[in-house]
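> coordinates only, no sequence provided:
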DNA sequence: GGATGTCCTCAGCGGGCTCTCAGGTGCTTC
DNA sequence: GAAGCACCTGAGAGCCCGCTGAGGACATCC
């Protein structure tokens, strides 16, 4: 079972925008990334690099995602697959995706979402030693249960609040600009302005910082960070 | 008698969709899976891998399922067999199946159903140490008796309600998406939309949550989970 | 062939969530 | 200390999500 080396991820999508984004983001998180643009390319690439995870668009120019997985399994490959599905995927297309330990993500997604899913999946498959838990001081977050606690008390967060907090936690101690936050926490096609971030920071402060010494620090002119001392 | 190693299961069906699904699901649950597409292949495979259980479609291109079992028994193989029968199986066919002492499952089935049956059968044959009981707080479920109690009081559930509750119980504390639930609890050919899940959650709440503090938690934008605190 | 139970769809509604905006506050710089 | 800027936060519009009741389709049982 793999342990310390960087996990290898094969990304399969025919849209350059998507593969570019994913490539950059995943490399940033220390993964080794390989990109394919078609189903056949994907099959060859998986055989070649023996990845720990495959990110696979369901819509591909030649074979569809399901067919790719079918062939992979037929060849005996056990690699877990995370499907990327279009926004308006009909019910019966989604069906069957989450079986066998595979998962799916709806487009458009945010980087925070997809990284969280990837981590969860690698964890389940024994690649990472990390748990589903994140924490800082008396603040805890458990991704499996989707639960946040401060000083033992459960905090109820909306999806966006939750994703924002996780992004801050993952980067605890580092200052993050509004744009960085927007790029990671909001969906990649978000067109609004970065003032939303301020609003959500404010929400988080009300829910999190009110339960103890303030953790969310504003760095004037730069962005926000979680306190680490 | 087998003990700690993964149970070996031979799956025999000529439909690729079915074997694909079963292969993925059973591997996910930690079984070692071997697939055959015809009766003759099945006979050879069973001789080769000496499985702990055979999942056997009754309709096969060459020999039918009964014939396969007859030959297996003739050769002295004692392995338990779980039949997969077509939707429109006649009454005396079913009688034949139950007389043989092994079990059967009607197609289409749900993953939850088939995994439960497999576990029960392996348990009966001494392979697994797991019990048939599940529980959380004052909620108990006994698979052998097919009985659910909350605070000591028996709760009457429909089959789908029961399967849904079991899936939630098995994954207690973890948030499950509507699609995950659909893929595991509903039959594999279900084509409808995931709103059914909401309806059944609502049914369960009426029957289960009304008898004590609510156990079923909605995680907005994500899915459902059973409370664990 | 009626009664019952189960499954699923659908639509209405209530409320939570997201985002915008604007007025207010406090820091910074000269 | 005044001006200007960055940031904060309350209010509110619109949307979306999830809950549930009603009802139709279907199977099963008597």
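That came in fine, so what should we check first? Keep in mind it's a predicted model, so treat the numbers as computed, not measured.

> any idea which helix or strand comes after the least confident helix or strand in chain A by mean pLDDT?
Here the helix or strand of chain A ranked lowest by mean pLDDT, DSSP states H and E is helix A:91-94, holding a mean of 55. Once helix A:91-94 ends, the next helix or strand along the chain (criterion: DSSP states H and E) is strand A:103-106.

> which stretches of chain A form helices?
A:16-28, A:39-49, A:65-74, A:91-94, A:111-124, A:159-170, A:178-185, A:195-208 (DSSP state H).

> identify the residues contacting the closest residue to DNA strand C within chain A.
Proximity of chain A to DNA strand C (C-beta to the nearest atom of the strand) peaks at residue A:192, 2.5 Å away. Where you see a C-beta, it was placed from the backbone N, CA and C, and this is true even at glycine. In this structure, residue A:192 makes contact with no residue, judged by C-beta atoms under 8 Å, 6 or more residues apart in numbering or on different chains.

> what's near enough to touch the residue lying closest to residue A:7 once chain neighbours are set aside?
Closest residue to residue A:7 apart from its sequence neighbours, by C-beta to C-beta, 6 or more residues apart in numbering or on different chains: residue A:52 at 4.3 Å. Applying C-beta under 8 Å, 6+ apart, we find residue A:52 in contact with A:2, A:7-9, A:79-80, A:122, A:125, A:127.

> how near is residue A:52 to DNA strand D?
30 Å (C-beta to the nearest atom of the strand, to the nearest Å).

> pLDDT weak spots in chain A?
A:1-4, A:87-96, A:128-129 (pLDDT under 70).

> up against DNA strand C, what does it have?
Taking C-beta under 7 Å from any atom of the strand as the criterion, chain A approaches DNA strand C at residues A:158-161, A:186, A:190, A:192-193, A:195-196, A:199, A:220.

> tell me the two of the residues you listed that are most distant?
Farthest-apart pair in the residues of chain A next to DNA strand C is A:159 and A:220; separation 28.5 Å (C-beta to C-beta).

> these two: who's more crowded?
residue A:159 (13 against 5; other C-beta atoms under 10 Å in any protein chain shown).

> was I right to think that one contacts residue B:222?
Yes - counting by C-beta atoms under 8 Å, residue B:222 is a contact partner of residue A:159 at 7.1 Å.

> got any residues that touch both of the two?
By C-beta under 8 Å, 6+ apart, no residue touches both residue A:159 and residue B:222.

> contact partners for residue A:42?
Residue A:42 sits in contact with A:10, A:12, A:36, A:54, A:56, A:60, A:68, where contact means C-beta under 8 Å, 6+ apart.

> neighbours of the third one, how many?
By other C-beta under 10 Å, 23 other residues sit near residue A:36.

> ok, now which ones touch it?
A:10-12, A:42, A:44-45.

> mind running it again at 6 Å?
A:12, A:42, A:45 (C-beta atoms under 6 Å, 6 or more residues apart in numbering or on different chains).

> relative to residue B:177, which of the residues you listed is nearest.
Out of the contacts of residue A:36, the member with the shortest distance to residue B:177 (by C-beta to C-beta) is residue A:12, at 22.2 Å.

> hang on, that closest one packs against residue A:59?
No - with contact defined as C-beta atoms under 6 Å, residue A:12 does not count as touching residue A:59 (10.6 Å).

> more crowded one of these two?
residue A:12 (27 against 15).

> circling back to that earlier point, make a PyMOL selection of whichever of the contacts of residue A:42 turn out to be buried.
One line in PyMOL is enough to select the buried ones among those; burial here means 16 or more other C-beta atoms under 10 Å in any protein chain shown:
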select buried, chain A and resi 10+12+36+54+56+60+68
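
> and residue A:67, how far is that from residue A:221?
As judged by C-beta to C-beta, to the nearest Å, residue A:67 and residue A:221 stand 52 Å apart.

> higher neighbour count, those two?
residue A:67 (13 against 6).

> what sits closest to that one if chain neighbours are left out?
residue A:39 is the one closest to residue A:67 (C-beta to C-beta, 6+ apart), at 6.6 Å.

> and that neighbour, what does it touch?
A:60, A:62-63, A:68.

> can you add distance to residue B:168 and give these back as a markdown table?
Converted to a markdown table, these look like this (distance: C-beta to C-beta, whole Å):
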| residue | distance to residue B:168 |
| --- | --- |
| A:60 | 34 |
| A:62 | 39 |
| A:63 | 35 |
| A:68 | 32 |
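
> nearest to residue A:205 among the residues you listed?
residue A:60 (43.9 Å).

> for the closest one, give me phi and psi.
Backbone torsions of residue A:60, given as degrees, to the nearest 10, read phi -130, psi 150.

> grab the nearest non-local neighbour of it.
residue A:39 (4.7 Å).
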